[in-house]
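K.L.:
Below are the sequence and a predicted model for it; my questions follow.
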Amino acid sequence: RAQAPSGLWIAGRHPTRIMTPTDPLPDITFAAQELRGYLLKRCGEELPVGQAEARVAEAAIYVGPRTWAKEFVPDLPQLSEEGVLFRATEDGDLFLIGGGTRGVIHAVSAFLERKLGIRWYQPEPWGTEIPPADKVDLPVFEFSHEPSFWFRDISVCLAPSIGEWAIRNRLNTNVGNVAKNRGGQHAHAINGHAFSRYISADLFETHPEYFPLKDGERYLPRPDRWGKRRYQACTTNPEVLETFVKQIVAALDKSPDKRLVSLSPDDVTGRWCSCPACNALDTGEMMMLHGKEMRVVSDRFFHFVNQVSDAIAKPHPDAWLTTFAYHQYRPIPRRCRVRDNVIVMLCQPGAYNHPINSGASEQIRDFNKNLLEWTGTCRNLILYRYMFKTMWESLPYPRHRILAEDLKYVHSLGIAGEHGQAQGKNWGMLGLNWYLHARLLWDVRLDIDELLDDYYRGYFRESEVPMRAYFELMADAFRNADGPIGEFRAIAPKT
């Protein structure tokens, strides 16, 4: 029988087992087993897993949080919850340490990726790249990293396999039920466009005053083609405020593992209340939207957001309100600053084929101005952008190079993260965007050309050359199209 590869070696010494804290959390056990499984595939050796509260005599791999490792490892740097540290010593020990539980899982994934060459390009079985099993001999080294962005999200997790892909690529939001015992996630107790969930249509008969005033009468629109009634509540009505707060507190009480709650209005324009109290909070500013001049409602809306945030801060000081800055409330509020327990998701309305700070079109210049204004009025600002064409889900959306430029730019502004709206289908066409998005949210310093070389070679393998040519041709057409492209418009290259 052929001799098996020789396993993982550190400074010429051979670790013989993986060690975790005594009575580890299920998340730490998962991290150790994840490492064990990939070491077998990559190095051809299956190491046993043990537990200890101190260094053992023989060389070993230690997997755990900083609070555990600092008791027997000198000079460990401070790490955030998701920060990671690798340390390989002359004794042949390897430490894979996270600032917290989620950081431990990140440390294992980042080590496998950075030092053993393992990639999770896409969630299908053929989307994982593991170099041929062989001996791996690593020198003495130390590496630490803090995530470039606090909030790292792509809404593609429609199946457990995609959630696993997301966790291994260090995303931390919308990763699905697989996050349990795998580090957890930033999870919503109530998500998305939510106003009509707090003030439901069946209240109209008994409480019409909760609904928007239109032409002197309270208004409940007819259902749209999906059967949904879309409207905005009267946000200056004290009972509306009380109803929102009660439901949010109840949702947080029910789900202590979910600390985010959406306060986003319904996805519709022009259905805001016109009662004197609501109108009095507006500045009178107008904006063009969908070819119509509409009233800016940012001040009334974020005044309401601040009222809700103040009310939930006492019973749930660790909770966050999330809301979009979108449509008529995309401009900044002029008379108030958003509270620190509010996450604002600023929606880019189009011009995705132009880098945000390029000045290449009036639309992108307007959005960049909007972005810069928001950085001065909101502590926790996140970009909300489309990662696919919503009207034609199978068409290319080759914005991978622009994505890299944009993330480096917004990182320089101190943006907290990005939510990429996607649908989890058609990975062959769109997976490149999602993979690069995940990698750059974790480490925005990565070189885009090196990432692309790695992807084309590792994912497409023998088809690397034609697929590289195809994607780069489409990326050039996208960037050089005649006019700005949003999530709806077809790509129309200049001729």
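P.N.:
Happy to help now that I have it. Numbers count the residues shown, from 1 in each chain.
K.L.:
where does the chain have its least confident helix or strand?
P.N.:
strand 188-190 (a mean of 84; mean pLDDT, DSSP states H and E).
K.L.:
Parallel or antiparallel, list what pairs with that one.
P.N.:
According to DSSP bridges, strand 188-190 forms sheet pairs with strand 260-262 (parallel).
K.L.:
what separates the helix or strand following the partner strand from the chain centre, distance-wise?
P.N.:
Moving toward the C-terminus from strand 260-262, the next helix or strand (DSSP states H and E) is helix 276-281. Between the mean C-alpha point of helix 276-281 and the mean C-alpha point of its chain there is a distance of 35 Å (Cα atoms, centre = their mean, to the nearest Å).
K.L.:
How about residues contacting helix 276-281?
P.N.:
Residues external to helix 276-281 that are found in contact with it (Cβ atoms under 8 Å, 6 or more residues apart in numbering): L213, C234, T235, T236, N237, W272, D299, R300, H303. From N, CA and C alone the C-beta is placed, and that goes for glycine too.
K.L.:
can you pull the buried residues of it?
P.N.:
Neighbour-count burial for helix 276-281, with 16 or more other Cβ atoms under 10 Å as criterion, is recorded at C278, N279, L281.
K.L.:
Just put the residues you listed in TSV and tack on pLDDT and distance to F388.
P.N.:
Putting the buried residues of helix 276-281 into TSV (pLDDT from 0 to 100; distance: Cβ to Cβ, whole Å) gives the following:
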residue	pLDDT	distance to F388
C278	98	36
N279	98	38
L281	98	36
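K.L.:
and which of those residues is nearest to L321?
P.N.:
L281 (18.3 Å; Cβ to Cβ).
K.L.:
Pull the strand or helix carrying M294 out as PDB, backbone CA atoms only.
P.N.:
Using DSSP H and E, M294 sits in strand 292-295. These are the backbone C-alpha positions of strand 292-295, laid out as PDB (Å, rounded to 0.1, in the frame of the first residue of the first chain):
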ATOM      1  CA  LYS A 292     -41.700  62.600 -10.200                       C
ATOM      2  CA  GLU A 293     -41.000  65.300  -7.700                       C
ATOM      3  CA  MET A 294     -41.600  64.000  -4.200                       C
ATOM      4  CA  ARG A 295     -41.400  65.200  -0.700                       C
END
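K.L.:
That strand pairs with which strands, parallel or anti?
P.N.:
Using DSSP bridges, the neighbouring strands of strand 292-295 in the sheet come out as strand 286-289 (antiparallel).
K.L.:
Contacts for the strand it pairs with next, please.
P.N.:
The list of residues contacting strand 286-289 from outside it, by Cβ under 8 Å, 6+ apart, reads T269, E293, M294, R295, V296, H327, Q328, R330, P331.
K.L.:
ok, the nearest residue to D266 once chain neighbours are set aside to D75 distance?
P.N.:
Closest residue to D266 apart from its sequence neighbours, by Cβ to Cβ, 6 or more residues apart in numbering: R230 at 4.3 Å. Using Cβ to Cβ, to the nearest Å, one gets 57 Å for the distance from R230 to D75.
K.L.:
before we move on, the earlier item: A477: which of the contacts of strand 286-289 is nearest?
P.N.:
Distances from A477 to these, taken by Cβ to Cβ, are shortest for R330, at 28.7 Å.
K.L.:
List phi and psi for the closest one.
P.N.:
phi -80, psi -40 (degrees, to the nearest 10).
K.L.:
Now do the same contact list for it.
P.N.:
R330 is in contact with M287, S298, L346, C347, P349, N370, counting by Cβ under 8 Å, 6+ apart.
K.L.:
Distance-wise, check the second one relative to E405.
P.N.:
S298 sits 28 Å away from E405 when distances are taken as Cβ to Cβ.
K.L.:
Which one of those two is surrounded by more residues?
P.N.:
In this view S298 and E405 are compared by other Cβ atoms under 10 Å, and S298 has more residues nearby, 23 against 16.
K.L.:
Can I get stretch 233-247 in PDB? Just the C-alpha atoms.
P.N.:
What follows is the C-alpha trace of stretch 233-247 in PDB, where atoms were taken according to Å, rounded to 0.1, in the frame of the first residue of the first chain:
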ATOM      1  CA  ALA A 233     -48.100  54.500   9.200                       C
ATOM      2  CA  CYS A 234     -48.800  58.000  10.700                       C
ATOM      3  CA  THR A 235     -45.500  58.200  12.600                       C
ATOM      4  CA  THR A 236     -46.500  61.200  14.800                       C
ATOM      5  CA  ASN A 237     -49.500  59.300  16.300                       C
ATOM      6  CA  PRO A 238     -48.400  58.400  19.900                       C
ATOM      7  CA  GLU A 239     -50.400  55.100  19.700                       C
ATOM      8  CA  VAL A 240     -48.500  54.100  16.600                       C
ATOM      9  CA  LEU A 241     -45.200  54.700  18.400                       C
ATOM     10  CA  GLU A 242     -46.500  52.600  21.400                       C
ATOM     11  CA  THR A 243     -47.600  49.800  19.000                       C
ATOM     12  CA  PHE A 244     -44.200  49.600  17.300                       C
ATOM     13  CA  VAL A 245     -42.300  49.600  20.600                       C
ATOM     14  CA  LYS A 246     -44.500  46.900  22.200                       C
ATOM     15  CA  GLN A 247     -44.000  44.600  19.200                       C
END
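K.L.:
Pull out the buried positions in that stretch.
P.N.:
Within stretch 233-247, the residues that qualify as buried by neighbour count (16+ other Cβ under 10 Å) are A233, C234, T235, T236, N237, V240, L241, T243, F244, V245, Q247.
K.L.:
Can you pick out the most distant pair from these?
P.N.:
In terms of Cβ to Cβ, the buried residues of stretch 233-247 reach their longest pairwise distance at T236 and Q247, which sit 18.3 Å apart.
K.L.:
quick one: low-confidence parts of the stretch 301-450 of the chain?
P.N.:
Across the stretch 301-450 of the chain, the stretches falling below the confidence threshold (pLDDT under 70) are 389-394, 423-424.
K.L.:
80 - rerun?
P.N.:
Applying pLDDT under 80 to the stretch 301-450 of the chain flags residues 388-396, 423-425.
K.L.:
where does the spatially most central residue of the chain fall, helix, sheet strand or coil?
P.N.:
In the chain, the C-alpha closest to the average C-alpha coordinate belongs to D153, at a distance of 1.5 Å (Cα atoms, centre = their mean). Applying DSSP: H, G, I helix; E, B strand; the rest coil to D153 yields a three-state assignment of strand.
K.L.:
you'd agree it is up against N174?
P.N.:
Yes. Using Cβ atoms under 8 Å as the test, D153 is close enough to N174 to be in contact (5.2 Å).
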